[in-house]
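Peer 1: after the sequence you'll find the predicted model.
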Amino acid sequence: MVSITIDAQPAPIAVDTEATALLLIDMQRDFLEPGGFGAALGNDATALRTIVEPCRRLLGAARTVGLTVIHTREGHRPDMSDAPPAKVARGAPSRRIGDHGPMGRILIRGEKGHEIIPELAPIAGEPVIDKPGKGAFYQTDLELMLGNLGVATLIVCGVTTEVCVHTTVREANDRGYRCIAVADCCASYFPEFHEVGLRMITAQGGIFGWVAESASVLSALPLAAPGGLAPGDAQLGSALRQAPCHDTAAAGERR
Ligand code: TIU
């Protein structure tokens with residue numbers, strides 16, 4: 001066990017690195033590049049790109065210390081049998097889920113737009129959770145995986161703060177996980193929703209969890225500690241991370 005303390009709101013939080021996972025939510029082209037789902041809903045997708053570099057640094061550090069790293073993607077099967085009609089029909093987008101766009105069919109597994117952006121591409125052994133909803137627990141094997149890995153705390157990054165990050169943090173909180181949302185590694189198309197979304201997490205003594213800056217997480221990680229974690233040292237976690245990942249991604253998509 002390697003116990004570290006991360007400076008956070010509403011209070012510092014002590015975590016065991018061997019029981020902690022970095023969860024990267026939906027860092028997909030469909031949300032972060034023009035021509036994807038986010039843009040089809042009328043948003044400026046490039047507004048989210050400020051978090052790419054902080055996420056990349058945190059991901060690199062997590063890999064160095066051997067934290068469990070899990071990626072998620074929002075999207076649907078090509079036949080859209082897992083896409084609720086109410087979700088597809090909602091709003092007045094320029095393109096609906098399943099329609100053809102510049103990066104392939106919008107929010108459909110196996111299409112270019114569905115891929116995680118290259119800067120944060122998963123490496124071998126990092127599970128990728130394909131989720132049909134906003135929350136990463138709904139109709140996925142994330143909870144099973146976290147249980148097998150002995151994870152108790154989630155360091156959460158990704159997009160968008162008030163939609164998939166918030167839904168996942170709420171789902172995780174109700175399941176007994178401690179969540180630390182990383183403020184400068186989460187983003188929204190609406191800056192005010194980002195700010196208020198983070199405040200909602202920490203309000204009332206941390207009603208859903210904690211919020212920290214990536215600098216606080218980085219400075220707490222045992223990156224330079226002699227005898228600190230070596231990459232892939234996390235016992236069961238290491239063994240599982242090397243195992244094949246049985247997600248529902250299209251063949252060839254998994255890295
Ligand atoms: N529209 C929006 O802000 N977000 C989503 O639809 N999905 C995620 O947040 N990933």
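Peer 2: In hand now; what should we look at? Residues are numbered from 1 along each chain as shown.
Peer 1: mind listing the strands for the stretch 151-255 of the chain?
Peer 2: For the stretch 151-255 of the chain, the strands defined by DSSP state E, counting those that start in this stretch occupy 153-159, 178-187, 210-212.
Peer 1: which one, of those strands, ends up nearest to the ligand?
Peer 2: Of all those, strand 153-159 sits nearest to the ligand, with 5.5 Å by CB to the nearest ligand atom. Every residue, glycine included, has its C-beta placed from N, CA and C.
Peer 1: how about Leu23, phi and psi?
Peer 2: phi -110, psi 120 (degrees, to the nearest 10).
Peer 1: coming back round to it: just name the most buried of the strands of the stretch 151-255 of the chain.
Peer 2: For the strands of the stretch 151-255 of the chain, the largest average neighbour count (mean count of other CB atoms under 10 Å) is found in strand 153-159, namely a mean of 27.
Peer 1: list the contacts of it.
Peer 2: Under the criterion CB atoms under 8 Å, 6 or more residues apart in numbering, residues 13, 15-16, 19-27, 31-32, 48, 51, 55, 58, 62, 67, 72, 146, 164-165, 168-169, 172, 177-182, 185-188, 217 lie in contact with strand 153-159.
Peer 1: from those, which would you call buried?
Peer 2: 13, 15, 19-27, 31-32, 48, 51, 55, 58, 62, 67, 72, 146, 164-165, 168-169, 172, 177-182, 185-188, 217 (16 or more other CB atoms under 10 Å).
Peer 1: out of these, which are close to the ligand?
Peer 2: Residues shared between the buried ones among the contacts of strand 153-159 and the neighbourhood of the ligand are Asp26, Phe31, Cys164 [CB under 6 Å from any ligand atom].
Peer 1: just to revisit the earlier point, nearest to Leu107, of the strands of the stretch 151-255 of the chain?
Peer 2: strand 153-159 (13.4 Å; CB to CB).
Peer 1: starting at the chain centroid, how far to stretch 67-82?
Peer 2: Relative to its parent chain, stretch 67-82 has a centroid offset of 11 Å by CA atoms, centre = their mean, to the nearest Å.
Peer 1: over to stretch 118-132?
Peer 2: Counting by CA atoms, centre = their mean, stretch 118-132 comes out at 9 Å from the chain centroid.
Peer 1: how about the closest residue to Leu67 other than its chain neighbours, secondary structure?
Peer 2: The shortest distance from Leu67 to any non-neighbouring residue, by CB to CB, 6 or more residues apart in numbering, is to Leu22 (5.3 Å). Secondary structure state of Leu22, per DSSP: H, G, I helix; E, B strand; the rest coil, is strand.
Peer 1: bridged to Leu22, which residues?
Peer 2: Val69, Ile155 (DSSP bridges).
Peer 1: local confidence estimate at it?
Peer 2: What the model reports as pLDDT for Leu22 is 99.
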